[in-house]
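Participant: Provide a 3D model corresponding to the input given below.
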Amino acid sequence: MTISALIFDFDGTILDIETPEFESWSEVFTAHGATLSLDWCSGCIGTAGLAFDPYAHLERSIGRTVDREAIRAGRRPRHLALIECQQPRPGVLQWITAARAAGLSLGVASTSSRDWVHDHLDRLALRTSFSHTACGDEVDRVKPAPDLIPARAATPAEGP
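Facilitator: Below you'll find the predicted structure:
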């Protein structure tokens, strides 16, 4: 058997988005006099949908309701700013270089949206390294389904 392609997951493999997610929520909890344990939110990492409701957990932690819209409006820009500071995870560039040198095709399969994946690949100057992407808003089923088969094909050369 010959390997002809290498497929990368995006969030958590190419780019660490989980740490900024946790950090931004942790800041919200701290601002409300509470502490967010990584154990509480680890179940939602790498999945579609949010298995952990941080708003409900915060409300239980402090014993009162919170202004969810105000938190959402304040946390989202902070979360995105933290992600913008992220570079490819250790080893990613070496794997890409080695795979290309071996003549392998490279792809990205992600539960995240096409715009999210492509925007970050562009920011990291990695988009042209991949000949194909299959993103969460382009497929019928996302993780944990093993078959990221696009409802329509998307390539890095395409526009949004």
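Participant: Domain map for the chain?
Facilitator: For the chain, the structural domains run 1-16+89-160, 18-84, going by automatic domain parsing.
Participant: tell me the mean pLDDT over the first one?
Facilitator: Averaging pLDDT along domain 1-16+89-160 yields 85.
Participant: Kindly report the same for stretch 23-32.
Facilitator: 96.
Participant: what comes up buried for it?
Facilitator: 24-29, 32 (16 or more other CB atoms under 10 Å). Heads up, the C-betas are built off the backbone N, CA and C, glycines and all.
Participant: quick one: it to chain centroid distance?
Facilitator: Put simply, stretch 23-32 sits 20 Å off its chain's centre (CA atoms, centre = their mean, to the nearest Å).
Participant: who touches it?
Facilitator: Surrounding stretch 23-32, the residues in contact under the criterion CB atoms under 8 Å, 6 or more residues apart in numbering are 35-36, 41, 54, 58, 61-62, 66, 71, 74-75, 78-79, 82.
Participant: ditto for stretch 55-62
Facilitator: By CB under 8 Å, 6+ apart, the residues outside stretch 55-62 that reach it are 28-29, 32-36, 40-41, 65-66, 68, 71.
Participant: rewinding a little: can you flag which of the buried residues of stretch 23-32 belong to helices?
Facilitator: Of the buried residues of stretch 23-32, the ones assigned to helices by DSSP state H are 24-29.
Participant: Distance to residue 100 for these - can I get that in CSV?
Facilitator: Shown next, in CSV, are these (distance: CB to CB, whole Å):
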residue, distance to residue 100
24, 34
25, 37
26, 38
27, 39
28, 41
29, 42
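Participant: with those residues in mind, which one is nearest to residue 108?
Facilitator: Distances from residue 108 to those, taken as CB to CB, are shortest for residue 24 (24.0 Å).
Participant: how near is the closest one to residue 76?
Facilitator: 8 Å (CB to CB, to the nearest Å).
Participant: related to what we said a few turns ago, max pairwise distance over the contacts of stretch 23-32: which two?
Facilitator: Most distant of those, by CB to CB, are 62 and 82, 23.3 Å apart.
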